[in-house]
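Peer 1: fold the following, please.
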Amino acid sequence: MKAPKERILVVDDEPDIRDVLRLTLEAEGYEVHEAADGEEAVRQVKKVGPHLVLLDFKLPKMLGPQVCRTLKKDVLLQNLPVIMLTSKGESSDKVEGINAGADDYVTKPFDPPELLARVRMILRRTSRALDANPLTKLPGNVSILEEIQARLDSGKPEAICYIDLDNFKAFNDKYGFERGDEALKMTARILLIAMREVGTPVDFLGHIGGDDFVLITTPAVVEKLCQKIVTELSRTAASLYDEEDLRQGYILSKDRDGNPRQFPLLTISIGVVTNEQKPIKHVAEVAQLGAELKHWAKTHGGNRWVKDRRGD
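Peer 2: Numbers count the residues shown, from 1 in each chain. Have a look, this model is predicted:
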């Protein structure tokens, strides 16, 4: 099976420029999508989920730097690479583009081999730096395992939170993958915002896959952080449901054996593993403890967290 093509969004108000870029990029095997103005660019990014954006500086409705700032403010898009297309000799445009968060720039008229080289470099660098989950763009399994082991090796106090949504499979079966994806992106935003508001500057968040996340913080703030997450999830989950299901307080779906049953609304469960009471040497031990604690939280009603306080 062939690997899926990397998607590039080309944003330029000149059709001839878009055509040249599309032909150049498609010849190298990229999947190309287009937008003709800044507002359309923002919509297309959220719809298509590109791996990279080629963004013209001068655009109708929103200038390129405005588009770039809008994307970088979104916690799920802040790692999306952007190459700004600027006019030759306009050094101020280059500076403004970089200040807006662009990862690189190319001057027009551009040299196709140079453009392709810059595209390959940015995509390669992004891929190495972040084995991102394709939906949330959060670090994936490789980064998570490396980060946990590095924290354990440092010997500093750590709190490693294993997080997932309760009743997500039933929700996904009832409403479909599109709304299921929205639930996962909403959860990722809640976790990131909670980290920024009550966490520490060195906190880490990764997305294992599905509805499973890992958050690493310090024991000093973990309880406050978990409470913030639970509170925000319980407050915002209702927005995902149809009015009738929300009113009755459950959805009708099938269990893993195919039997119809009532499922409660989405909640969140968090198992917190720390090295406060006993040393932990290996990531596998953390994963086992995290799974046990998360299971306990799930079986006691969801929208709760439990911290391992056991010693040796």
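
Peer 1: quick one: mean pLDDT for stretch 75-86?
Peer 2: Mean per-residue pLDDT for stretch 75-86: 88.

Peer 1: so where's the stretch 51-200 of the chain uncertain?
Peer 2: Scanning the stretch 51-200 of the chain for pLDDT under 70 picks out the ranges 88-91, 128-130.

Peer 1: what about the strands in it?
Peer 2: 52-56, 82-87, 104-108, 159-166 (DSSP state E, counting those that start in this stretch).

Peer 1: how about the ones you listed, which one is nearest residue 188?
Peer 2: Nearest to residue 188, of all the strands of the stretch 51-200 of the chain, is strand 159-166, at 10.3 Å by Cβ to Cβ. Just so you know, the C-beta spots here come from the backbone N, C-alpha and C atoms, and that holds for glycine as well.

Peer 1: against which helices or strands is the closest one packed?
Peer 2: helix 177-198, strand 212-217, helix 219-236, strand 267-274, helix 283-299 (3 or more Cβ pairs under 8 Å, 6 or more residues apart in numbering; DSSP states H and E).

Peer 1: run through the neighbouring helices and strands of the third one.
Peer 2: Spelled out, it's helix 219-236. Using 3+ Cβ pairs under 8 Å, 6+ apart: helix 219-236 touches strand 159-166, helix 177-198, strand 267-274, strand 304-307.

Peer 1: these: which one's closest to residue 108?
Peer 2: helix 177-198 (34.2 Å).

Peer 1: buried set for the closest one?
Peer 2: The neighbour-count check on helix 177-198 (16 or more other Cβ atoms under 10 Å) flags 180, 183-192, 194-195, 198 as buried.

Peer 1: same check, this time on stretch 127-147
Peer 2: Result for stretch 127-147 [16+ other Cβ under 10 Å]: buried residues 132-133, 135-140, 143-145, 147.

Peer 1: now do the contacts for the one residue sitting closest to the centre of the chain.
Peer 2: Centroid check for the chain by Cα atoms, centre = their mean gives residue 136 as the closest residue, at 2.4 Å. Shown in contact with residue 136 (Cβ atoms under 8 Å, 6 or more residues apart in numbering): 76, 184-185, 188, 207.
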